[in-house]
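Okay, here's the prediction I keep looking at, along with the sequence it came from:
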Amino acid sequence: MALLQVDALTKRYGSETLALDQISFSVQPGEFVGIIGPSGAGKSTLLRCMNRLVDITSGDVRFDGVSVPTLRGAALRRQRTQIAMIFQHYNLVNRLTVIENVLHGRLGYKGMFQGMLGLYSEAEKRNAVQVIESLGLSEQIYKRCDQLSGGQKQRVGIARALVQQPKMLLCDEPIASLDPNSAKIIMDTLREINQTMGITVLVNLHQVDVALRYAERIIGINGGRVVYDGAPNHLSNEQIYQIYGSEAGDLILDLSERYAA
């Protein structure tokens, strides 16, 4: 059975803006899927519909057999523990330490008062430390997050997601704000998580070459619709034009130069 099933998903903002238009696809457990497309294509909205950060207009999103749009309250919080989110701009509390931010990933398992008081078990704290260390942040564990580099902040975001013990990671442009070396570290980390932990990964990317290098499947979106869904090695120049329109020429040139090098 598919872990994620998206059926005729449509999202409108007001009466004027159609962000997603009848999108349908499924994702199997353990897949690494790259979602590509130009700015404004609907990639971020699509991810946010999957865990109900944004309410859908029509259609359905089923995760692990459960219809996400029907969930409310505690049931929705429990479901979100299984669908962890990694953000482009990290979404960390900069005045808090690394471990405090990582432990926030456990809030979905807490009651309101436990969450407000930051009451975490010793087992949760030990697990958070292990995850932080596994991501190469041992020396930063008690540093405030405003003292970290962009790449380090993104690794804290990944650690926060992992302590949720999710079945799926939704990564919204996780390398868009990073230099090339930090971007490679983040993408290598996501691939290792996928391969060693079996966690399903969906990652929004603007960089076609990165998607081709890391993803086992590419979904291309333009104008809120899926225009490509298949293997990276089947993505043709014509399909890149379909996905990116006027931006495609530079992308194809960059790709040809990269492979020639």
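The structure has been received and is ready for your questions.

Now do the contacts for the residue nearest the centre of the chain.
The centroid of the chain falls nearest to residue 171 when counting by C-alpha atoms, centre = their mean (1.4 Å). By C-beta atoms under 8 Å, 6 or more residues apart in numbering, residue 171 lies in contact with 85-86, 190, 201-204. C-beta: built from backbone N, CA, C; applies to glycine.

Could you do residue 45 as well?
11, 19-20, 54, 224.

same thing but 6 Å
Applying C-beta atoms under 6 Å, 6 or more residues apart in numbering to residue 45 gives the contacts 11, 19-20.

okay if I get the contacts of residue 171 as a markdown table plus pLDDT?
Below are those laid out as a markdown table (pLDDT from 0 to 100):
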| residue | pLDDT |
| --- | --- |
| 85 | 95 |
| 86 | 95 |
| 190 | 97 |
| 201 | 98 |
| 202 | 98 |
| 203 | 98 |
| 204 | 96 |
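
so which of those residues comes closest to residue 146?
Lowest distance from residue 146 to the contacts of residue 171 (C-beta to C-beta) belongs to residue 86, with 19.0 Å.

give me phi/psi at the nearest residue to that closest one once chain neighbours are set aside?
Nearest residue to residue 86, sequence neighbours excluded (C-beta to C-beta, 6 or more residues apart in numbering): residue 171, at 4.4 Å. Phi and psi for residue 171, reported as degrees, to the nearest 10, are phi -120, psi 110.

Compute the number of surrounding residues for residue 52.
The tally of other residues near residue 52 (other C-beta atoms under 10 Å) stands at 17.

before we move on, the earlier item: now the residue nearest to the centre of the chain: how far from residue 25?
Relative to residue 25, residue 171 is positioned 17 Å away (C-beta to C-beta, to the nearest Å).

cool, and residue 197?
From residue 197 to residue 25 the distance is 23 Å (C-beta to C-beta).

now swap in residue 167 and tell me
Counting by C-beta to C-beta, the separation of residue 167 from residue 25 is 17 Å.

swap in residue 226?
Per C-beta to C-beta, residue 226 is found 6 Å from residue 25.

Now rank the contacts of residue 45 by neighbours and give me the top one.
Counting by other C-beta under 10 Å, top hit in the contacts of residue 45: residue 20 with 27 neighbours.

any chance you could map the helices in the stretch 101-250 of the chain?
Assigned by DSSP state H, counting those that start in this stretch, the helices in the stretch 101-250 of the chain fall at 112-117, 122-134, 150-162, 180-197, 208-214, 237-244, 248-260.
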